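> take a look and give me a structure for this.
(3 chains)
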Amino acid sequence: MAYWLVKSEPDECGIDDFAAKPDDTIPWDGVRNYQARNFLAKMAPGDEVFLYHSSCKQIGVAGVIRVVLAAYPDPLQFDPDSSYYDARSSPEKPRWQAVDMQFVEKFRGVVPLQTLKSQPELSELPLVRRGARLSVMPVSDSEWRHILSLAARQ
DNA sequence: GCCAACGTTGGC
DNA sequence: GCCAACGTTGGC
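Model (predicted):
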């Protein structure tokens, strides 16, 4: 089993959206960055994922979700009405992938970005590197445990 | 709202 | 294949 971190604006899809329907799966779609897509494609059912809230009041890791369905072609890339439409994509040659996620846990408090940045144990995490824009990234076992322990102190 | 950092595009 | 211009991300 592998660990990951994904970014989202909570206005779009945050931990509360998952918590509101814990038995449902929610498509993680709209990823339009090649490096992020390549990580998405490597996700397997059962993998656990930190959900990071960006561009909001409480920036940081808000909880845990889980991969339920491995990567499949993102339907939005074929939808001309979607802002995620990609004319260069076709069903025969899809360019973008999505996965399905499900709620696991909402932390009592968000683990703030500032806290994450202050941890020497997390210095390799792309999230805390300057100007990092990657929205899907792998998390090592030790980084996973460390962030979980920070969450437990919230 | 600002703006630095970054990824992508497209002319050459 | 280089690189300037452009658009976007995302913290502040």
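> residue A:103 - how many residues pack around it?
Counted by other C-beta atoms under 10 Å, the residues lying close to residue A:103 total 22. All C-beta atoms are positioned from the backbone trio N, CA, C, and that covers glycine.
> and if you look at the one 4 residues further on?
The number of residues packed near residue A:107 is 20, by other C-beta under 10 Å.
> now do residue A:30
17.
> how about it: what's its closest non-neighbour residue?
residue A:84 (4.7 Å; C-beta to C-beta, 6 or more residues apart in numbering).
> and that neighbour, how far from residue A:16?
22 Å (C-beta to C-beta, to the nearest Å).
> cool, residue A:45 as well?
Taken as C-beta to C-beta, the span from residue A:45 to residue A:16 is 24 Å.
> closest residue of chain A to DNA strand B?
Per C-beta to the nearest atom of the strand, residue A:131 is where chain A lies closest to DNA strand B, at 2.1 Å.
> secondary structure class for that residue?
Three-state assignment for residue A:131 (DSSP: H, G, I helix; E, B strand; the rest coil): coil.
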